[in-house]
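>>> Give the three-dimensional model of this entry:
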Amino acid sequence: MLGCIKKDLYLLFHKKAFLIILIGITLLLSYMSLNGISSAYYAGRSYQNFFFMMLNYTKHAFMSFFFLLIPLLVVFPFADTWLHEQYMTDVIFTRVTRKKYFLSKYLISFISGFIVIFIPLVVSYCSVILALDFNDNVLNIVQATANETNIEAFLSNYTFYQIYLENPYMFIFIFIFLISIFGGFCAVTAFSISLVVKQKVIAYIGMFLFLIVEMLVIGNLPVPFGYYNIQNIIQPDTRIVIEPIVYIVWLGIFLIINIVLYYVFCRRTAYERA
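Here you go, the predicted model:
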């Protein structure tokens with residue numbers, strides 16, 4: 001098992017697509033985060049310059065577009081491995097068991113999706129920390145949209161607002177972690193999709209299409225359910241308090257989807273062998 005993991009990690013870190021996407025996202029996010037940093041500093045804004053971009057429509061549109069593209073970006077680093085290795089299984093499975101092979105693929109798929117989102121977000125956020133003065137009033141996150149005396153009441157509509165009041169750094173890092181986990185599960189699900197589809201295009205865009213449909217369907221539900229789409233609950237600007245059960249439900253949905261897809265793959269493979 002350890003040998004499979006080492007081999008797949010080697011493949012991941014030496015894959016051009018992984019390095020290109022990782023470096024590209026890091027540079028782009030850092031540029032967008034630092035762009036206009038001087039005006040944000042003189043306006044007294046700090047933490048929201050990274051995620052809370054209520055008054056900067058360009059940055060807000062960019063970050064929304066970035067969240068939308070995550071299901072596509074995380075496929076190329078490693079989750080498409082089966083598309084290339086499925087024709088070499090006669091050789092591969094003489095060296096390693098199917099169980100170890102697929103456990104390793106699922107694990108490294110998750111790691112690849114996590115890393116390719118986590119590192120760019122951390123680097124871009126740290127660049128904001130270095131560029132801004134964080135010694136001012138940390139409650140100014142919404143000063144442009146609410147009076148100072150109403151900030152705590154305003155923030156009570158956001159998930160984990162108590163953590164923000166106590167430690168703004170931790171608040172942002174929690175959401176960076178959630179977004180990265182989302183990237184990991186998107187990569188894992190994309191790998192599962194690649195096991196059961198014949199068309200390579202579907203393997204690459206299947207997860208993206210699923211989330212588009214999910215966003216449209218859930219967005220038409222009544223409040224508060226209309227806010228429970230996955231792209232909304234992983235952003236700090238949730239607009240309502242998201243209960244932990246919502247995150248647990250989404251985790252269960254991802255697990256069920258992957259279990260079902262892998263079961264279909266195993267059944268089909270067993271049938272083809274027979």
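>>> Sketch out the low-pLDDT regions of the stretch 101-250 of the chain for me.
Applying pLDDT under 70 to the stretch 101-250 of the chain flags the ranges 131-158, 237-239.
>>> 90 - rerun?
The model of the stretch 101-250 of the chain has pLDDT under 90 over residues 101, 121-176, 178, 197-200, 202-203, 211, 215-216, 219-244.
>>> quick one: the strands in the stretch 151-274 of the chain?
Using DSSP state E, counting those that start in this stretch, no strands are found in the stretch 151-274 of the chain.
>>> burial of N35, as a residue count?
15 (other CB atoms under 10 Å). Where you see a C-beta, it was placed from the backbone N, CA and C, and this is true even at glycine.
>>> for Y247, that is, sorry about that
The number of residues packed around Y247, counting by other CB under 10 Å, is 17.
>>> now F182
24.
>>> quick one, phi/psi of the spatially closest residue to it that is not a sequence neighbour?
Ranked by CB to CB, 6 or more residues apart in numbering and with sequence neighbours excluded, the top spatial neighbour of F182 is I234, at 5.1 Å. When quoted as degrees, to the nearest 10, the phi and psi of I234 stand at phi -100, psi 0.
>>> list the contacts for I234?
Residues counted as contacts of I234 (CB atoms under 8 Å, 6 or more residues apart in numbering) are 67, 175, 178-179, 182.
>>> can you rerun that using 7 Å?
175, 178-179, 182 (CB atoms under 7 Å, 6 or more residues apart in numbering).
>>> Now do the buried residues in the helix or strand harbouring L9.
Using DSSP states H and E, L9 sits in helix 2-13. Neighbour-count burial for helix 2-13, counted by 16 or more other CB atoms under 10 Å, picks out 4-5, 8-9, 11-12.
>>> Which residue ranges of the stretch 1-150 of the chain form helices?
2-13, 16-34, 37-42, 57-73, 81-85, 89-92, 98-131 (DSSP state H, counting those that start in this stretch).
>>> okay, the buried residues of helix 2-13 in CSV with distance to V96 next?
Formatted as CSV, the buried residues of helix 2-13 follow (distance: CB to CB, whole Å):
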residue, distance to V96
C4, 6
I5, 11
D8, 11
L9, 15
L11, 14
L12, 17
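>>> For the residue most central in space within the chain, which non-adjacent residue is closest in space?
Nearest to the mean C-alpha position of the chain, by CA atoms, centre = their mean, lies G183 at 3.1 Å. Once flanking residues are discounted, G183 sits nearest to I117: 3.7 Å by CB to CB, 6+ apart.
>>> re earlier: so the helix holding L9 versus helix 98-131, what angle?
40 degrees (axes from the mean of the first three to the mean of the last three CA atoms, to 10 degrees).
>>> hang on, the earlier thing: between the contacts of I234, which has the most around it?
Busiest of the contacts of I234 [other CB under 10 Å] is F182, holding 24 neighbours.
>>> ok now stretch 82-94, how far from the chain's centre?
29 Å (CA atoms, centre = their mean, to the nearest Å).
>>> How about stretch 75-92?
The chain centroid and the centroid of stretch 75-92 are separated by 23 Å under CA atoms, centre = their mean.
>>> average model confidence for it?
On average, the pLDDT along stretch 75-92 is 85.
>>> related to what we said a few turns ago, quick check, nearest of the contacts of I234 to M63?
For the contacts of I234, the minimum distance to M63 (CB to CB) is 10.4 Å, reached by I179.
>>> Let me see the residues that make contact with stretch 99-111.
With CB under 7 Å, 6+ apart as the criterion, stretch 99-111 contacts 1, 4-5, 8-9, 12, 78-79, 81-82, 92-93, 184, 187-188, 191.
>>> So for it, what gets flagged as buried?
100-102, 104-111.
>>> Out of the residues you listed, the closest to I25 would be?
For the buried residues of stretch 99-111, the residue nearest I25 by CB to CB is I111; the value is 16.0 Å.
>>> State the distance from that closest one to V188.
10 Å (CB to CB, to the nearest Å).
>>> ok, now V75?
Counting by CB to CB, the gap from V75 to V188 is 11 Å.
>>> And I202, by the same measure?
For I202, the distance to V188 equals 16 Å [CB to CB].
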